[in-house]
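In: next input, structure requested:
(one chain, ligands or ions: 1)
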Amino acid sequence: MTDRAVIVGGGTMGKGIALALAAASVQVELVEPSPSRGQEIRAELAARSAQGATSPISVHASLDEVRREPELLIEAVPESLSIKAGILEMASRLQPRLLASNTSSLSIDELACCVARPAQFLGMHFFNPVARSELVEVVLGASTSDWARDYAVDWARRLGKEPIVVRDRPGFASSRLGVLLGLEAIRMVEEGVADAATIDRAMTLGYKHPVGPLKTTDLVGLDVRLDIASYLHRTLGNRFEPPQLLRDLVSEGKLGKKSGEGFFQWH
Ligand SMILES: NC(=O)c1ccc[n+]([C@@H]2O[C@H](COP(=O)([O-])OP(=O)(O)OC[C@H]3O[C@@H](n4cnc5c(N)ncnc54)[C@H](O)[C@@H]3O)[C@@H](O)[C@H]2O)c1
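Out: Numbering: from 1, shown residues only. A predicted model of the protein is given here:
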């Protein structure tokens, strides 16, 4: 029988994870409540499946429309404890074999409070763009079972990704380091050290990073980075305080690639 997976949230990450699962012949149901976003995704998926690029993905407006007991359920809704807590509580009722959060930073133990079976819950942190990234960070909460860890590792490998397993600390291994670098680069733009392209070149040419920290921030989404930084500031201290420039750009709607402008122009 074909494995079934449910993805909640059809944004940058949810759509990418859904496509990766469909490409691995998994039956995918995607939940996206925004009618305009849902429409956009349906049109894109129809075009892809017409080219035979992926097995069909069904898109629903609500978790109520999803079949129970999928093998895997991953939430990829905005980086907010309260939004994720509500979604995880509802998702638990579908009794997935493994329940995972794609959170970039939030505590798996805090999120575990809202799930029915904490032993079957953990973080599966995918990277952007999902199709081209190699890593899945598997984050273990205090109650996560060994079975759930191994099952998540198997899923990551099935999608052609390399899993790393880490303990639950704010920002895990990846975001804690990556966001710090991004925030420092933004402070350097604020101070006038150089423009964004020059600061990025310092890291791509000097340190062989494939993408500079400011372009990465644009790709992730400035709003997503601000949410993560605000949480890490509260939990890990002042070194994660979001720079004023980041707050200003987000309030001007300059969110990076998805809005057409961030530290760079995207046309
Ligand atoms: N953007 C990245 O590079 C990146 C990388 C790794 C992890 N993440 C994490 O993935 C998660 C999602 O980030 P994103 O960049 O895809 O955000 P996004 O803003 O692109 O997408 C979020 C989606 O969730 C939908 N949504 C909102 N409330 C919902 C609800 N109640 N039920 C179902 N869907 C709902 C929104 O309509 C939107 O389509 C966050 O936790 C983020 O930290 C993001």
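In: how about the strands in the stretch 101-250 of the chain?
Out: With DSSP state E, counting those that start in this stretch as the definition, the stretch 101-250 of the chain shows strands at residue ranges 121-126, 135-140, 162-167.
In: now do the first one: which elements does it pack against?
Out: Meaning strand 121-126. Judged by 3 or more CB pairs under 8 Å, 6 or more residues apart in numbering; DSSP states H and E, strand 121-126 is in contact with helix 12-23, strand 98-101, helix 108-112, strand 135-140, helix 146-158. All C-beta spots, glycine's among them, are computed from the backbone N, C-alpha and C.
In: okay if I get those as TSV plus distance to the ligand?
Out: Below are those laid out as TSV (distance: least, CB to the nearest ligand atom, whole Å):
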stretch	distance to the ligand
helix 12-23	3
strand 98-101	7
helix 108-112	10
strand 135-140	9
helix 146-158	14
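In: for the ones you listed, which one sits closest to Thr217?
Out: Proximity to Thr217 (CB to CB) singles out helix 12-23 among those, at 13.2 Å.
In: so which other helices or strands are in contact with the helix or strand just after the closest one?
Out: Next helix or strand after helix 12-23 toward the C-terminus (DSSP states H and E): strand 27-31. Contact partners of strand 27-31 among helices and strands, from 3+ CB pairs under 8 Å, 6+ apart: strand 4-8, helix 12-23, strand 57-60.
In: which outside residues touch strand 27-31?
Out: For strand 27-31, the external contacting residues (CB atoms under 8 Å, 6 or more residues apart in numbering) are 2-10, 14-15, 18, 21-22, 41, 55, 57-63, 65-67, 70.
In: how big is the angle separating that strand from strand 4-8?
Out: Strand 27-31 and strand 4-8 are oriented at 20 degrees to each other (axes from the mean of the first three to the mean of the last three CA atoms, to 10 degrees).
In: from what I can see Gly212 touches Ala185, true?
Out: Yes. Between Gly212 and Ala185 there is a contact at 7.5 Å, judged by CB atoms under 8 Å.
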